[in-house]
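Enquirer: Here is my input, please return the structure:
(chains A and B)
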Amino acid sequence: MSVDVTLPVLSPKDFASDQEIRWCPRCGDYSILAQMKKVLPTLGIPKEKFVFVSGIGCSSRFPYYMDTYGMHSIHGRAPAVATGVKLANPDLQVWVITGDGDSLSIGGNHFMHVLRRNVDLKVILFNNQIYGLTKGQYSPTSPMGTKTKSTPFGSVDRPLNPLSVAIGARATFAARSVDVDIKHLCSVLERAAKHKGSAFVEVYQDCNVFNSGAFEFASKKGKKEENVIYLEHGKPLIFGKERDKGIRLNSHDQPEVVELGKGVTEDDLLFHDEKSEDMNLAFLLASMRHPEMPEPMGVFRCVDHPTYNDAVYQQVESATERSGEGDLEALFNTGDTWTV
Amino acid sequence: MATTDVPGANGKLSEQLDAVVIRFCGDSGDGMQLAGTQFTNVSAVFGNDVSTLPDFPAEIRAPAGTLGGVSGFQICFSSSDIFTPGDEVDTLVAMNPAALKTNIADLKRGGTLIVNEDAFEKSNLSKAGYESNPLDDEESLAPYQVQKVPMTSLTRDAVAELGLSPREAERCKNFFAMGLVYWLYQRDATPTEEWVKTKFAKKPELVDANLKALHAGFNYGLTTEAITVHYRVDPADLPPGNYRKVTGNEALAFGFVTAAKLAGKQLFYGGYPITPASDILHELSKLKNFDVVTFQAEDEIAAITSVVGASYAGDLAITASSGPGIALKGEGMGLAAIMELPLVVVDVQRGGPSTGLPTKTEQSDLYMCMFGRNGDCPMPLVAPASPADCFEMAQEALRIAVEFMTPVLLLSDGYIANGAEPWQIPEISSLKPIKVSHENKQQGDEPFMPYLRDEKKARPWVVPGTAGCEHRVGGLEKLDVTGNVNYSPENHQYMTTLRAEKIAGIADFIPEQTVEGPESGDLLVISWGGTYGAVRTAVKQTIQEGLSVAHAHIRYLNPFPKNLGDLIKRYKKVLIPELNTGQLRMIIRGTYLADAVGLNKVQGKPFLISEVKQKIREMIEEK
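Expert: Below you'll find the model as predicted:
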């Protein structure tokens, strides 16, 4: 089959807007922006088909810095705005840019519902475990005991785990990466872009002003190898500088760290299956948190389900097939009418 | 004006009337809304002008037989133009003691009271708080023509041969009541019979049962010795054309679909269920073959923000709610206002504050809709006058939104939303299409400027996906023309003024205010929204009494029609009746420095014509 399709040849520069970027120097957001600009030209989608929708917060300035269509909306509501954009025009690739406060505090409701509906949107959550724009209060992902201006004696809130929430809402794609892990982040963003359905990506992002180094364990060379497991579909969960450690399920089906050799082989380890319809594995992986366990990076779950927007349009189409294209005159004259 | 005719076929007298008000009331499970709706349909099809007022209990299902569970449906049908469901009831059908107790005060002296005698037994009497059976109290019933009809047992007997359970059999008693009233007012039951056949097509035993009950009621009227007179109301002299009955919510849905269809655009509705606005969602959900996308959002905020997104992406986008939901939508409206995107927000007002009186009507959201957003954020406001007017005002709201690139509020109310009246079905060719143009940059043009303005101060509407027009919008203050974020003090002042001027400028594109009655005189009565009918009728009748009074009904509340200020000055006094404590009055006083007087009622009920008339007389009499 030969179809003459001219794909646009674009470069990262084509996606840079003329606006001055106003994030703090060395903010993790710069890296995420740079990786996004690298990934989009590889997708074969014309530039004008991208829409970036954000809420409020440092990360939510993101659309201003992309030369695409975009909307900096209101606190926490970006998933709902984006749902409207996608439903009105399913031809667009719609990205939601959000932060931990934006999506999990004020926008928790919309976050959950956009994922459970499986609207074909890409949700990138910049998680820095702090409120940066309002100058340093704790966020719904801050660990208990976090000392901030609003919690001088340490926070007493139990934090939310974004991936657990996303998987609980049955996100069809759920992944995690780290701002400075350039290659990994690129690959995760690319997979999210290509997923049909709601794609959720949590990115550990460094706020060097209010919460510097919160994710050093997962980003710093020499540390991350011992603290992070890179998930690969169909492969055993192995980590460590020497790749000498792995994750096995104990007799209570709980994950435990084991050393390879000394009677433990790769076959004894837990194998990653991102396609599993059963969400237990993804939950179990999401529950592995530093420092008790190495934290998984990569794609936790990637399953194919019909999208919400497709289902909506299928109803429109089948209604039109069944009843014919809407005819105002016929509509007005249904039911009891009379002539004077 | 009643005239008594010659005896009818069965020897009974037939009396001719101009207008009749009937109210069906019973327990919320008794099918009173159905009875009222069917009676409305047969009257409309017969050619009467009709106006209806359903009255739902606030509880989803209060205990059967209690005062809180009474459901009512009032209909006025007439041989001349009418604008309200009427003040006093001519015929009251009360299916149980609670219904009698809560409604008898509205029955006029000499009116007909039809009661289901079977329901007046001990337990129902005590639930309604009667110490003795009111049907035995001849003194208190003396002012009325009372028909005690054992409807439950007669219905049971009528359907006996069908082998239904006693419960199923008794459920048909509303059809018995309908049949009796159909006989009383000489209604042709055919449309109801057809309706029953379609509705219960899958349950033929229910078709039989309901038709038997209906006929039994009719024959009861025909044969019983107790009822000696029945009545005739001739068809009304309406303008020639095809008619159907519409409720306000139906007419809004029709109006929006029409606007979108004529504009060649997809209609997007994002909403969250709330009484009394939900029917708009229900109606539009049925019309997917009109290129309608409906989205039942997770909450009111998601509803408005989905609409913002859909508008940004190029749809004609609408949301509807009632007071508490509109409160939640405030931030989203502000976002649409600063981004200058077209959309319509419908507020079907109900009693407030907070959850207030969910099933009862009020006009108390005017302040919220006029002012209820942060910052200086004027939005156009329109308000339909009646159920049928919703069709036109829905289109007007969308037209203003698109032509001026602004969110628009449409204020309906529970009375308009659930009330019904005849609607003259328009010729499609006579409808004015909404012109939508989307910017589409040509190669080699200058960079696209999303906040460049046309002569109406509207900015371009670009559909994402249009090459060369990529741009960002958002809630932060804009620099005009480029749309870039700009915090400079001068720019904020400039943009605030510009947005306000754009909205104020709409006054040049809406009709001037007209009055019913003399162009100047002693008193101008100003109304808005669903009080139209009562005020119109009151003014009409007081003019007939020789008073110097005129009526201005405002359908464009922001901006006001250009001539409104001058018009007000031509009258010595101004009266503003409202179902709130004086919200339009304060705005009129503030805007025009006019010494307007209020007539204010917040009881969850519409005005009676007599209340408005009395106030008009008072104001003209006092010096």
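
Enquirer: what's residue 215 in contact with, if anything?
Expert: Going with chain A. When contacts are counted by Cβ atoms under 8 Å, 6 or more residues apart in numbering or on different chains, A:F215 touches A:178-179, A:204-206. Where you see a C-beta, it was placed from the backbone N, CA and C, and this is true even at glycine.

Enquirer: Oops, wrong one, chain B.
Expert: Contact partners of B:H215, counting by Cβ under 8 Å, 6+ apart, are B:158, B:179.

Enquirer: which parts of the helix or strand where it lies are buried?
Expert: Secondary structure from DSSP states H and E places B:H215 in helix B:204-223. The neighbour-count check on helix B:204-223 (16 or more other Cβ atoms under 10 Å in any protein chain shown) flags B:206-218, B:220-222 as buried.

Enquirer: which of those lies closest to chain A?
Expert: B:L214 (16.5 Å; Cβ to the nearest Cβ).

Enquirer: How confident was the prediction at that closest one?
Expert: On the pLDDT scale, B:L214 is placed at 96.

Enquirer: for A:S2, same thing?
Expert: 54.

Enquirer: got it, and the one 4 residues further on?
Expert: According to the predicted model, the pLDDT of A:T6 comes to 65.

Enquirer: so A:E325 touches B:L287, yeah?
Expert: No. A:E325 lies out of contact with B:L287 (Cβ atoms under 8 Å); the separation is 11.4 Å.

Enquirer: Between the two, which has more neighbouring residues?
Expert: Between A:E325 and B:L287, counted using other Cβ atoms under 10 Å in any protein chain shown, B:L287 has the larger neighbour count: 22 against 11.

Enquirer: list the contacts for the more buried one?
Expert: Counted by Cβ under 8 Å, 6+ apart, B:L287 has contacts A:326, A:331, B:253, B:257.

Enquirer: Please name the nearest non-neighbouring residue to the first one.
Expert: The shortest distance from A:G326 to any residue that is not its chain neighbour, by Cβ to Cβ, 6 or more residues apart in numbering or on different chains, is 3.1 Å, and that residue is B:F290.

Enquirer: can you count the residues close to that neighbour?
Expert: If you count neighbours by other Cβ under 10 Å, B:F290 ends up with 23.

Enquirer: Could you do B:P511 as well?
Expert: By other Cβ under 10 Å, neighbour count at B:P511 equals 11.

Enquirer: Distance of it relative to B:P380?
Expert: Look at B:P511 and B:P380: by Cβ to Cβ, to the nearest Å, they are 14 Å apart.

Enquirer: Can you name the residue of the stretch 201-340 of chain A nearest to chain B?
Expert: A:G326 (3.1 Å).

Enquirer: And what about that residue, helix, strand or coil?
Expert: Secondary structure, DSSP: H, G, I helix; E, B strand; the rest coil: A:G326 is coil.

Enquirer: From A:N333, how far off is it?
Expert: Distance of A:G326 to A:N333, given as Cβ to Cβ: 13 Å.

Enquirer: again with B:N41
Expert: Counting by Cβ to Cβ, the gap from B:N41 to A:N333 is 15 Å.

Enquirer: do the same with B:A467
Expert: Relative to A:N333, B:A467 is positioned 43 Å away (Cβ to Cβ).

Enquirer: now B:S126
Expert: From B:S126 to A:N333 the distance is 50 Å (Cβ to Cβ).

Enquirer: A:K86 now?
Expert: Counting by Cβ to Cβ - A:K86 and A:N333 are separated by 35 Å.

Enquirer: Could you do B:N133 as well?
Expert: 49 Å.

Enquirer: so where's the longest helix in chain A?
Expert: In chain A, with assignment by DSSP state H, the single longest helix is helix A:308-323.

Enquirer: That one - what's its average pLDDT?
Expert: Confidence over helix A:308-323 (mean pLDDT, whole number) is 97.

Enquirer: again with stretch A:189-209
Expert: Per-residue pLDDT over stretch A:189-209 has a mean of 97.

Enquirer: Report how many residues lie close to whatever residue of the stretch 101-250 of chain A ends up closest to chain B.
Expert: Among the residues of the stretch 101-250 of chain A, A:H113 lies closest to chain B, at 4.2 Å counting by Cβ to the nearest Cβ. A:H113: 18 surrounding residues under other Cβ under 10 Å.
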